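# dropping the sequence and predicted coords here.
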Amino acid sequence: MNLTLYFVTPDGAADPEALAVAAVRGGATLVQLRDKRRSDAELVPLARRLIAALDPFGVPLIVNDRVEVVLAAGAAGLHVGQGDLGIEEARRRIGPDRLLGLSVEAPGHLQALPLGIVDYVGVGPVRATASKPDHAPPIGFDGLARLVAAAPVPAVAIGGLGAGDARAVKAAGADGLAVVSAIGSAADPEAAARALAEEWRQA
Ligand SMILES: Cc1ncc(COP(=O)(O)OP(=O)(O)O)c(N)n1
Ligand SMILES: Cc1nc(C(=O)O)sc1CCOP(=O)(O)O
Ligand SMILES: [Mg+2]
């Protein structure tokens, strides 16, 4: 698992596959299929196509929220938040070998985290973002640093991040940054991903 540049597909994107391929061509190391609008029946074939498209790049596909889609499509992992399926249940459902990510928004979420169940945490939102209308209060880079320092597993920063943020994310101790719009809304998603990946390398 490489969290350096984690591309999360925009909710309801017309062509998540094209965006994901552009992102990994540019240097994204992990992709999450996050779609609140499509049904499981629509997401399963989409996830299968994404897995096949990402496979030549060696990039795993994580599916947000939908354990049934993970299992039916054979995805590499599942990402859940504080209001989703509990992590013990999620781990039981996906088995020991798939990746499991958990959103963390406050210190209490880490204090309540049993060890050995999740593979990584997504920490945020660093800034307010229109990509997740129901996001928790922004934690800023200081909040990010505090949560990352307390995390017992690798941590990826998320929320309102984009060009120019890699240095601050790395300085906060995170293992990478996760973005939706910085790549998904870019005029040239591959170039945007390449710039972010390069920024991370230079940071
Ligand atoms: C990498 C990463 N971090 C956090 C989230 C947010 O998950 P969640 O809190 O469950 O919110 P939704 O994405 O389901 O709206 C994420 N998806 N990915
Ligand atoms: C999916 C998601 N989760 C968040 C969290 O804080 O848990 S913020 C977020 C959306 C991030 O989108 P963008 O890169 O466009 O700001
Ligand atoms: Mg969720």
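Sure thing, it's come through. Numbers count the residues shown, from 1 in each chain. Ligands and ions are numbered 1, 2, ... in the order given.

# how far away from the center of its chain is the lowest-mean-pLDDT helix or strand in the chain?
Every helix and strand of the chain was ranked by mean pLDDT, DSSP states H and E. The lowest is helix 107-111, at a mean of 93. Averaging C-alpha positions (CA atoms, centre = their mean, to the nearest Å) puts helix 107-111 19 Å from its chain's average.

# repeat that for stretch 15-33.
12 Å.

# for this structure, what lies in contact range of ligand 3?
Within the chain, the positions near ligand 3 by CB under 5 Å from the ion are 65, 81, 84. Bear in mind the C-beta positions are built from the backbone N, C-alpha and C, glycine included.

# these two touch, right, the first one and V80?
What that stands for is D65. Yes. Contact criterion CB atoms under 8 Å: D65 and V80 qualify, at 6.7 Å.

# nearest spatial neighbour of G143, skipping sequence neighbours?
Closest residue to G143 apart from its sequence neighbours, by CB to CB, 6 or more residues apart in numbering: V126 at 7.7 Å.

# actually D165, sorry about that
Closest to D165 by CB to CB, 6+ apart is L177, at 6.6 Å.

# what's near enough to touch the one you found?
Applying CB atoms under 8 Å, 6 or more residues apart in numbering to L177 gives the contacts 4-6, 156-158, 161, 165-166, 169, 196, 200.

# that one belongs to a strand, doesn't it?
Yes. The assignment for L177 by DSSP: H, G, I helix; E, B strand; the rest coil puts it in a strand.
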